[in-house]
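*Asks:* Got a predicted model here, sequence first, then my questions.
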Number of protein chains: 2
Amino acid sequence: MLTDERYEKILKLLKKQNVAKLAELVEATGASESTIRRDLSELESRKKLKRIHGGASLLKSKTDEPTMIEKKDRYTEEKAEIGRRAASLIDDGDCIFIDAGTTTEALLPFVEAKQLTVVSNGVNIITESLAAGFHTYGIGGYVKSGTRAFVGKMAAEALMQFRFDKAFLGTNGIDQSFGYSTPDPEEAHVKGLAINQTSEAYVLADASKFKETSFAKFADLQDAFLLTATDSDPFLDEIEYDTNGKVVRLS
Amino acid sequence: MLTDERYEKILKLLKKQNVAKLAELVEATGASESTIRRDLSELESRKKLKRIHGGASLLKSKTDEPTMIEKKDRYTEEKAEIGRRAASLIDDGDCIFIDAGTTTEALLPFVEAKQLTVVSNGVNIITESLAAGFHTYGIGGYVKSGTRAFVGKMAAEALMQFRFDKAFLGTNGIDQSFGYSTPDPEEAHVKGLAINQTSEAYVLADASKFKETSFAKFADLQDAFLLTATDSDPFLDEIEYDTNGKVVRLS
DNA sequence: TTTAAAATGATTGATTTTGCTCGAAATATA
DNA sequence: TATATTTCGAGCAAAATCAATCATTTTAAA
């Protein structure tokens, strides 16, 4: 049995069972314990699986979503300030789009408007908006497990049916030449469409996103206002100069 | 039994029952009391559950609405049994529709399939399906605040783009002449469409729905299988006779 | 064919996990 | 309140698993 062949078998069995005991893998491959141990070490370093005492398990843990929860804890202060500022832009009776993500999630708690129509591609946002008592629309489509955002063709088509007064978007990178970007092209597409459908677009970002580029660009800097938690940052000044004032400052 | 396997089992059982006694967990895993105690300590420190004297309980997430929780408490046993039965109908690789509502929410915890595609009009269902690691689609549209269900024209159009192996629906009334009905015509419309798009439709209902009629009819009794928690009820026999066997009995 | 390199399987001592026991703490019962 | 029962946590020894090592086999290269 070739080495790669064993790797295949191990991963296949794992996918089937989620976890596998060392003895099971020995049985399935016909190799010795030592070899399987070495295989597991190798596959672990390749990020294909996780070794556990007595065997191995798949990486993706089905039940928990550490990314969302962990992310939420960080930068809480800054995000709250961003949310506060964004909320102050909203008028009673507005029809707004709120992007999926943790930064945009900080917006709704600060909204003062009594009457508001919220459209979102984020499951978490939808839940919050309902709890706040606003008229709420979700765009449909495939739901990404990480960010819990609707993406894909269905999401895009549904989005085309709306027009917004304001759109609030998250981002993963802001770069002077590459513009706004995010890791997933599918999500980037939805963000881009949202910007097309709105009168005013705002990108909400904390300082960790400055001068970063991600895989998929969704807008030029000119296409949206940049909204951050601070008023004085040299990077902000540069952006403001480049875009003829597309930066939100606290008035 | 591997450590991670036990963790999974413990959490799964907890999700199913909300609380679990130590003895139950010992029974379910085959491990000793000491080991389960150690597992619970570990899982508690990971914030996955809360230890209580005699066992463990879920820690309630603040995103759940109080109204939802209250409703959940009632008929819990019966709903769990309905969920169990419905889940047993699902095969690996199926593509299923799950209706919004509390009764249908009891389905997912019992699903054993590894690979499953879930389409739903319920925000709560979408969240659960994601947590369970399934491929998840949401139909879009206006979100009703009470049931947190997508409704309206957008929802209907989105639904038309899918075909299901099985559809699981909730209802508010089952009547021999009026068929299946629910209070909101908008929701009724979506339910009706879902039935059109599926090979097999199942209506999940507890005994409180028998001989009730609600405002808006969404299907005739012949259009779907009736799935309840019991096998012996005179009303079931009548339905079965009227519909030529459209009642699911435990086999 | 010869030689070097890589992979394998067995062995061994170290480490981790497990189940049991027992006194303490919490809960239920009288 | 007092007493009985259950549950808990810590310590310990047995069992399972692990990482490291080394001799042997297989593979590749010269």
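*Replies:* Received, thanks.
*Asks:* From now on I want contacts and neighbour counts done on CA atoms only, so please keep to that.
*Replies:* OK.
*Asks:* anything in the biggest helix by length in chain A near DNA strand C?
*Replies:* Counting residues, the longest helix found in chain A (DSSP state H) is helix A:3-17. Yes. Residues of helix A:3-17 are located near DNA strand C by C-alpha under 7 Å from any atom of the strand, namely A:Thr3.
*Asks:* which other helices and strands contact that helix?
*Replies:* helix A:22-29 (3 or more C-alpha pairs under 8 Å, 6 or more residues apart in numbering or on different chains; DSSP states H and E).
*Asks:* List the buried residues in the helix it packs on.
*Replies:* A:22, A:25-26 (16 or more other C-alpha atoms under 10 Å in any protein chain shown).
*Asks:* Can you give the distance from that helix to the centre of its chain?
*Replies:* Mean C-alpha position of helix A:22-29 versus that of the full chain (C-alpha atoms, centre = their mean, to the nearest Å) differs by 38 Å.
*Asks:* Give me the contact list for it.
*Replies:* A:1, A:6, A:9-10, A:32-33, A:36-37, A:54-56 (C-alpha atoms under 8 Å, 6 or more residues apart in numbering or on different chains).
*Asks:* filter those to the buried ones?
*Replies:* For the contacts of helix A:22-29, buried by 16+ other C-alpha under 10 Å: A:6, A:10, A:36-37, A:55-56.
*Asks:* C-alpha coordinates for stretch A:218-236, CSV please?
*Replies:* Coordinates of each C-alpha in stretch A:218-236 appear next as CSV, following Å, rounded to 0.1, in the frame of the first residue of the first chain:
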residue,chain,number,x,y,z
PHE,A,218,-16.1,44.7,-4.0
ALA,A,219,-15.9,48.4,-4.4
ASP,A,220,-13.6,51.4,-5.1
LEU,A,221,-12.9,53.8,-2.3
GLN,A,222,-15.0,56.4,-4.1
ASP,A,223,-18.1,54.1,-4.1
ALA,A,224,-18.8,54.4,-0.4
PHE,A,225,-18.2,56.5,2.7
LEU,A,226,-15.7,55.1,5.2
LEU,A,227,-16.9,55.1,8.7
THR,A,228,-14.5,54.3,11.6
ALA,A,229,-14.3,54.9,15.3
THR,A,230,-11.7,57.6,15.1
ASP,A,231,-11.5,61.1,13.6
SER,A,232,-7.7,61.5,13.6
ASP,A,233,-5.7,59.0,11.8
PRO,A,234,-3.2,59.8,9.0
PHE,A,235,-4.6,57.0,6.9
LEU,A,236,-8.1,58.5,7.1
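*Asks:* what's the model's confidence in that stretch, averaged?
*Replies:* Mean pLDDT, computed over stretch A:218-236, is 93.
*Asks:* if we can go back for a sec, does the longest helix of chain A come close to DNA strand D?
*Replies:* No. Interface with DNA strand D: helix A:3-17 contributes nothing (C-alpha under 7 Å from any atom of the strand), its closest point being 9.9 Å away.
*Asks:* What residues of that helix count as buried?
*Replies:* A:6-7, A:10-11, A:13-14.
*Asks:* now stretch A:147-154
*Replies:* Result for stretch A:147-154 [16+ other C-alpha under 10 Å]: buried residues A:147-152, A:154.
*Asks:* Looking at those, which is nearest A:Asp237?
*Replies:* Lowest distance from A:Asp237 to those (C-alpha to C-alpha) belongs to A:Thr147, with 30.8 Å.
*Asks:* do you know how far the closest one is from A:Thr102?
*Replies:* 9 Å (C-alpha to C-alpha, to the nearest Å).
*Asks:* surely A:Ser145 meets B:Glu128?
*Replies:* No. Using C-alpha atoms under 8 Å, A:Ser145 is not in contact with B:Glu128, being 11.0 Å away.
*Asks:* Mind listing the shared neighbours of the two?
*Replies:* Common neighbours of A:Ser145 and B:Glu128 (C-alpha under 8 Å, 6+ apart) do not exist.
*Asks:* Okay, A:Asp92 and A:Ile82: tell me how far apart.
*Replies:* From A:Asp92 to A:Ile82 the distance is 19 Å (C-alpha to C-alpha).
*Asks:* Please identify which of these two sits among more neighbours.
*Replies:* A:Ile82 (22 against 12; other C-alpha atoms under 10 Å in any protein chain shown).
*Asks:* Torsion angles phi and psi at the more buried one?
*Replies:* phi -60, psi -50 (degrees, to the nearest 10).
*Asks:* residues in contact with it?
*Replies:* A:Ile82 touches A:103, A:106-107, A:204-206, A:227-229, counting by C-alpha under 8 Å, 6+ apart.
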